[in-house]
Every structure is written in C-alpha cells, then in structure tokens.
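Trainee: kindly return the folded structure for what I paste below:
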Amino acid sequence: VTAVTSTTDFDYEFDAAKGIQRDNLPPFAQRMRKAADLVWEEGYQQPFIRELGEGTLQRERFAFYLLQDFRYVNDYARVHALGLAKATDPEIMAFMLKVQNGALQVETEVHRSYLASYGITEEQMNNVRQSAFARAYTSNILSIAYGKDILDILVAVLPCAWVYADYGYRLAAEFADTLDDNPYKSWVDMYKTDEFWQDSVWLLDHIEKLVADASEERKRELIDIFVTGVENEYMFWASAYDMQYTWKPEWNQAR
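Mentor: Reported below is the predicted structural model:
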C-alpha cells in the first residue's frame, strides 16, 4: 500500500460540487492548513506518531499520553459547553452538544479501557497530574471559549479534530500491512474513519461561511489561533514521548 502523504500545494481550486474532502479544501481552510504546514508535517514525523504507527511505542509513553488526554477531554468538553452557551445558530448548538457528549462518553470509555489494561486504577485516572504542555493547550482553548466569540471557538477546536483525522488516516494507509498486529490498532481505527473526518468537514464548512465577510486582520487572528492549536498538538505528543511534566525535565523532581 502506498503511504498517504500530505500535500504542501494548497493552491488548487476548490470544487464546491465535490464538497469538502481531504484534497479539496475551501479557500480559508487552505490558508489555515498552509500556515500550519511545517509543524503539521513535523508532527506526523515525530517519534511518538512514528512508533505508534509501527506498533513499537513503549507502553509507558502511551499510558502517559492517555492519562494526559483523559484530562484534556474534560476541558475539551467544557470548551464545547461554553460554545453551546454562546451560539445562536441551532445547528452550531447541536454540534457543540454532540461533541461535548462524545468527549465525555465515547473517548473516555476508550481511555478507561486502555488504561485499565495497563493496570492503571480509577484513582490514578481521576488524580493524574496535568503536564505543563497539556495545561498550556487547555488553558489556551478555555480562554478563547470564555473571552472570544463562536467563530474563534470553532477555529480553536478544529486542530484537535483535523490533526487526528489526518494522522489516523495516513497511519492506517502507511502501515496497512502490519496494522493487524499493532497493539495500537484500535487507536488508529478510531481516527482513520470517514465518520471521524466528518467532524472536521462540519467545522471547516461552518468556519468558511462565518469568515466570508471577515476583514483580512480578522482572518489573520483566526489563522494564528489555528496554528497555535496545531503547535499545542505537537507538544502534547512530544511531551508524552518524553514523559515530561514540566517545562524542563530536571524540574520534575521539584514536585
């Protein structure tokens, strides 16, 4: 199977008749993706993702990631709750509620299943210390949810949905021959699907509509929110690979 690689040519013309697809992005989505391309592609090539796709990632590193993600999901749900409170469009309200419920139910069940298989207790899950990198990520999206409008919130939550959908899809194709024996197959299976990608499609579509009449300055603000989110996704995995709680590894001992 040929590996699915990301294109760095985002200047193709959007075919509205085809709808939003992985290789058919509307104009503002192309701008966001192009602005984040360096960290996006470095993220896909970083050790955590490579070893996860190969099935060689140490269990301790994956468990660290899952515990941090367990904490992240709770804040992600709060962001959507705040988005629900700020939204006036019933369709956006319904989406915010759907994602909030999914974050608290579906993904949490996956986390608990994985973590229990590693011998990690409910008490450890509920009392896990949040890493500095995870806190930076969730503090950023929560501050946007509290202080900005619904368009900012949609852009702030987009990196999580879109990066996971892209990496899951690419890993499934790149490692198709060995995926059945990969201990992380269920993680890849969750994020490779078209069903998961459709959340990104929904966000990209609604962001595109809401940004249509925005000024260039406003668009640059939104692009900065998006790129910051992709950077935080990178650091979330990188710090999990290093099992690093604080900004400097040597500071871990001070806690």
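Trainee: and the nearest residue to residue 124 once chain neighbours are set aside, how far is that from residue 141?
Mentor: Sequence neighbours aside, residue 67 is the residue nearest to residue 124 in space, at 7.4 Å (criterion: CB to CB, 6 or more residues apart in numbering). In short, each C-beta sits where N, CA and C put it, glycine included. Distance, residue 67 to residue 141, by CB to CB, to the nearest Å: 19 Å.
Trainee: and residue 41, how far from residue 234?
Mentor: Counting by CB to CB - residue 41 and residue 234 are separated by 10 Å.
Trainee: my bad, residue 196
Mentor: From residue 196 to residue 234 the distance is 20 Å (CB to CB).
Trainee: the more surrounded of the two?
Mentor: residue 234 (22 against 16; other CB atoms under 10 Å).
Trainee: per-residue confidence for that one?
Mentor: Here, the pLDDT recorded for residue 234 equals 98.
Trainee: so which helix or strand takes in it?
Mentor: Residue 234 is part of helix 216-241, with elements assigned from DSSP states H and E.
Trainee: next, the buried residues of that helix.
Mentor: 221-223, 225-241 (16 or more other CB atoms under 10 Å).
Trainee: also stretch 240-254?
Mentor: Neighbour-count burial for stretch 240-254 flags 240-241, 243-246 (criterion: 16+ other CB under 10 Å).
Trainee: again, but for stretch 124-139
Mentor: Applying 16+ other CB under 10 Å to stretch 124-139 flags 125, 128, 130-131, 133-138 as buried.
Trainee: report the contact partners of the closest residue to residue 104 other than its chain neighbours.
Mentor: Leaving aside its sequence neighbours, residue 104 sits nearest to residue 77 (CB to CB, 6+ apart; 5.1 Å). Taking CB atoms under 8 Å, 6 or more residues apart in numbering, we find residue 77 in contact with 99-100, 103-104.
Trainee: give the next helix or strand downstream of the helix or strand harbouring residue 77.
Mentor: Per DSSP H and E, residue 77 falls inside helix 59-86. Sequence-wise, the next helix or strand downstream of helix 59-86 (DSSP H and E) is helix 90-104.
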